[in-house]
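**Q** please find the sequence and the predicted model below.
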Amino acid sequence: MKQYKIVVEKHPDGYVAYPLGIKGIVVGQGNTYEEALSDIKSAIRFHIETFGEKDFDIEPPILEAFVAEAGV
């Protein structure tokens, strides 16, 4: 089992999840954090089964992710 860094965003109408560093668009959603995480895992499995793992070979690997807020 390969591990991926997943971002889960909370929006007024639900949650959206996506993996970091992936080529192409793979998105999950749900009414709860858990639903969005489950949906993105399912979307990643579907993408790998359909298109192969080449889009998920992240080089160099993402070691950490941070969320920052900056005024511009």
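**A** Done, it's in.
**Q** only C-alpha atoms from now on, for both contacts and neighbour counts.
**A** Fine.
**Q** Gly21 - nearest residue in space that isn't next to it in sequence?
**A** Nearest non-adjacent residue to Gly21, counting by CA to CA, 6 or more residues apart in numbering: Ile58, 6.3 Å away.
**Q** sketch out the strands for the protein, chain order is fine.
**A** 6-11, 14-19, 28-30 (DSSP state E).
**Q** so which of those gets nearest Glu53?
**A** Closest to Glu53 of the strands of the chain, according to CA to CA: strand 14-19, at 13.6 Å.
**Q** okay, buried residues for the closest one please.
**A** Within strand 14-19, the residues that count as buried by 16 or more other CA atoms under 10 Å are Tyr15, Val16, Ala17, Tyr18, Pro19.
**Q** identify, from these, the entry nearest to Leu37.
**A** Among those, and counting by CA to CA, the member closest to Leu37 is Ala17, at 6.4 Å.
**Q** mind listing the residues bridging to the closest one?
**A** Val8, Gly28 (DSSP bridges).
**Q** let me see the contact set for it.
**A** Taking CA atoms under 8 Å, 6 or more residues apart in numbering, we find Ala17 in contact with Ile6, Val7, Val8, Glu9, Val27, Gly28, Gln29, Ala36, Leu37, Ile40.
**Q** kindly recompute the last result at 10 Å.
**A** If you count contacts by CA atoms under 10 Å, 6 or more residues apart in numbering, Ala17 has them with 6-10, 26-30, 33, 35-41.
**Q** coming back round to it: what count of nearby residues applies to the residue nearest to Gly21?
**A** 13 (other CA atoms under 10 Å).
**Q** same check on the one 4 residues further on?
**A** For Ile62, the neighbour count with other CA under 10 Å is 11.
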